[in-house]
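Undergrad: could you work out the structure for the sequence below:
(4 chains)
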Protein chains: 2
Amino acid sequence: MRSFVRAAELGQLQRAADELGVTQQAVSKRIASLERELDVRLFTRTARGVELTLDGQAFLPHARNIIAGVDRAITAIKPGSRALRIDVLGLRSAQAVVLHDYWRSHPEIDLDVVTLRVNDPRVAVAAVQAGDIDASFRSVTDPATLPHDVRMVHAFDSPLELLVGPRHPLASARTLTPSQLRRHRIWVPGIAPRSEWAEFYDQLATDFDLRIDAAGPNFGNEVLLDILADSADVATLVGSRDRYVWPANHDLRRIPIVNPALSYPLSLILRRENPHPGLRAIIDHLGHLSPPPTPAWRPSWATTPRHSGEDLDRTRR
Amino acid sequence: MRSFVRAAELGQLQRAADELGVTQQAVSKRIASLERELDVRLFTRTARGVELTLDGQAFLPHARNIIAGVDRAITAIKPGSRALRIDVLGLRSAQAVVLHDYWRSHPEIDLDVVTLRVNDPRVAVAAVQAGDIDASFRSVTDPATLPHDVRMVHAFDSPLELLVGPRHPLASARTLTPSQLRRHRIWVPGIAPRSEWAEFYDQLATDFDLRIDAAGPNFGNEVLLDILADSADVATLVGSRDRYVWPANHDLRRIPIVNPALSYPLSLILRRENPHPGLRAIIDHLGHLSPPPTPAWRPSWATTPRHSGEDLDRTRR
DNA sequence: ACGTAGGGACAACCGATGGTTGTGGCTCGC
DNA sequence: GCGAGCCACAACCATCGGTTGTCCCTACGT
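TA: This is a model prediction of the structure:
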């Protein structure tokens, strides 16, 4: 492929061969086998070199594209200088959505999104520390437990919304306040005990006197959505930026919660020393996200954040 | 690469090998050599199969992208079912710009743009007839000379603009009428005698009593632009949609010509029988282009077009 | 018109590559 | 504790992809 592109650019197999450090015959055979494989003539041979046929012209940009893809794939994982790699909890989480938004407005940066498949924040910290990932979106953990070469910056707040089926009594509300949720059953399955989510919902339930049922295993979003769509009394909470898809006939509604908004705080864990240069831009982008509605309730362990890149010092005070 | 992707999707080398029709050992060696080449572990081997490492996760979308690129490259030129291939006179011509606009709004279609390197319209007709290209943008030729299995539809009109340097007496005009160009020297180099362009400028010169100098070889756009930028009395004509780039310090101006606008008519040549299905959408798109300003002057051999897909019959009447 | 230079293709050759079969080690589940 | 299932390693072999040597063709200079 590279031989083809260079030959097309230089107009001669000979010179392409010189540049590629092989003999002219080798390039000739490469092109010939490419032509045989595609069952198409790519060049017309002339006395002074080669010239692209129409098929060759059509093929050239595709070949360039493939080569660029290969190069990007290599730089993405070559140890040493690799692309920015960020861990998110799930590909549909608010973090992934925010990251995707960032990438869409900066498609030139090489960004790789991965998911550690474990919930334990210590694993994420260790991965950041080891350099396996450049940063990880996590809920706020106790900064004191962080190793000295890992730091944490406030990323953004994810305000919660109520997700209900059409038969639920709150289904037609435009917005809801936390006190309106009182006595309604809220089901958030799959929360591990003693995790940040469990503690978050605990505080939420006590502060607003809510019935939050965190028990039961999570059989997957599809099951949860099926149950919600049919039920007249079960609701759940989702982040306003979380990406949920459901069958069109489910007719689920997402209802913002305000006065106060319920903010789940998210942080970015990254190395203190020589972090990936692309991270700076990401953190800047996070600072420019639209802030959540005010007033907002936060769990006790979240300090009130300023939306700026300077948060990182404050979070360790 | 395909082995890697399938193995990642299926979670087992064994099953990937079955799907790919090779032995498990072959897939294992492929993955191993990929890992050796990249100097990275892509999978963690477990007792029940394989699982992507972080590097593997990062690599997977790139691998998919490469495979998609290869597949697209193949379909682009595989004889039989190949991507839509359209010939334009130059990559900066108005036709190319219009095609690019179309592609940007429909990025999912596989479109290849090529340039026959000859000006002779008969070559383009022959290429369309032979199926080497699916369509060719050309200036209007005599429909009677077309073979019976090739047809021509009106594509769009390209209104001319005057391109002048800052010292030219007309440089500060916002718009110009053809009569204002009288007695100014207009230089359009590189026009082959008896070509459609030559005939177009001939008619233009006689109808409006203009001094159009079509003599002299074309040493390339750069030379032309250099001369224009320095000269106080030479101007040239360009299509309003043509893409021209010049050094920032050249300070050239493009001045629309109106009352009447000078329209250069462009047509699309395509096969009458079983044309490429994607062509229909292109022709539709052409019909929705913003029409040139009115009133408009056209050469005698251009019938007044309607902007609709039905033009093709009219053009042969 | 002829000789020559430069570029591409073909042939013969050979090591590396990438597939095969055979087999062993490991982990999980009964 | 044992068998089933999966992956890795070893030995083997055909093919591939490179090399050198040569010929052919065309453009160009004399």
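Undergrad: for the most centrally placed residue in chain A, which non-adjacent residue is closest in space?
TA: For chain A, the residue nearest the mean C-alpha position is A:A96 (2.7 Å; Cα atoms, centre = their mean). Once flanking residues are discounted, A:A96 sits nearest to A:V88: 4.5 Å by Cβ to Cβ, 6 or more residues apart in numbering or on different chains. Quick note: C-beta positions are derived from backbone N, CA and C, even for glycine.
Undergrad: report the contact partners of the residue nearest to the centre of chain A.
TA: With contact set as Cβ atoms under 8 Å, 6 or more residues apart in numbering or on different chains, A:A96 has these partners: A:88, A:90, A:113, A:243.
Undergrad: name the SS class of it, please.
TA: Assigned state for A:A96: helix (three-state reduction, DSSP: H, G, I helix; E, B strand; the rest coil).
Undergrad: what of A:S290?
TA: Per three-state DSSP, the local secondary structure of A:S290 is coil.
Undergrad: tell me, how many residues neighbour it?
TA: Using other Cβ atoms under 10 Å in any protein chain shown as the criterion, A:S290 is surrounded by 7 other residues.
Undergrad: related to what we said a few turns ago, and the contacts of A:A96, which two are the farthest apart?
TA: A:V113 and A:R243 (13.0 Å; Cβ to Cβ).
Undergrad: got any ranges where the stretch 1-150 of chain A has weak pLDDT?
TA: By pLDDT under 70, the low-scoring segments of the stretch 1-150 of chain A are A:140-141.
Undergrad: can you list the residues of it near DNA strand C?
TA: Listed as neighbours of DNA strand C in the stretch 1-150 of chain A under the rule Cβ under 7 Å from any atom of the strand: A:7, A:12-15, A:24-25, A:28, A:31-32, A:43, A:45, A:47-50.
Undergrad: can I have the buried ones of the residues you listed as a ChimeraX selection?
TA: In ChimeraX, this line selects whichever of those come out buried by 16 or more other Cβ atoms under 10 Å in any protein chain shown:
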select /A:7,12,13,14,15,28,31,43,50
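Undergrad: intersect the residues of the stretch 1-150 of chain A next to DNA strand C with the contacts of DNA strand D.
TA: Near DNA strand D, by the rule Cβ under 7 Å from any atom of the strand, you find A:25, A:47-48 out of these.
Undergrad: any chance of those residues in CSV, with secondary structure too?
TA: Formatted as CSV, these follow (three-state DSSP):
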residue, secondary structure
A:Q25, helix
A:A47, coil
A:R48, coil
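Undergrad: which among those residues gets closest to chain B?
TA: Nearest to chain B among these is A:R48, at 14.7 Å by Cβ to the nearest Cβ.
Undergrad: so how far is B:R41 from the closest one?
TA: Going from A:R48 to B:R41 by Cβ to Cβ, to the nearest Å gives 49 Å.
Undergrad: and what of A:P295?
TA: 49 Å.
Undergrad: which one's more surrounded, those two?
TA: Set A:P295 next to B:R41 and count neighbours by other Cβ under 10 Å: B:R41 wins out with 14 against 10.
Undergrad: list the contacts for that one?
TA: Contacts of B:R41 by Cβ under 8 Å, 6+ apart are B:35, B:53, B:55-56.
Undergrad: who touches stretch A:175-182?
TA: Here stretch A:175-182 has contacts from A:162, A:170, A:173, A:204, A:208-211, A:235, A:255-260, A:262, A:297, using Cβ under 8 Å, 6+ apart.
Undergrad: same deal with stretch A:62-75?
TA: Stretch A:62-75 is contacted from outside by A:1-2, A:4-5, A:81-83, A:110, B:38, B:59, B:62-63, B:65-66, B:69-70, B:72-73, B:76, using Cβ under 8 Å, 6+ apart.
Undergrad: elements contacting the strand ranked longest in chain A?
TA: With DSSP state E setting the assignment, residue counts place strand A:150-164 as the longest strand in chain A. Judged by 3 or more Cβ pairs under 8 Å, 6 or more residues apart in numbering or on different chains; DSSP states H and E, the packing partners of strand A:150-164 are helix A:94-105, helix A:121-130, strand A:234-239, strand A:253-256, strand A:261-271, helix A:277-287, helix A:311-316.
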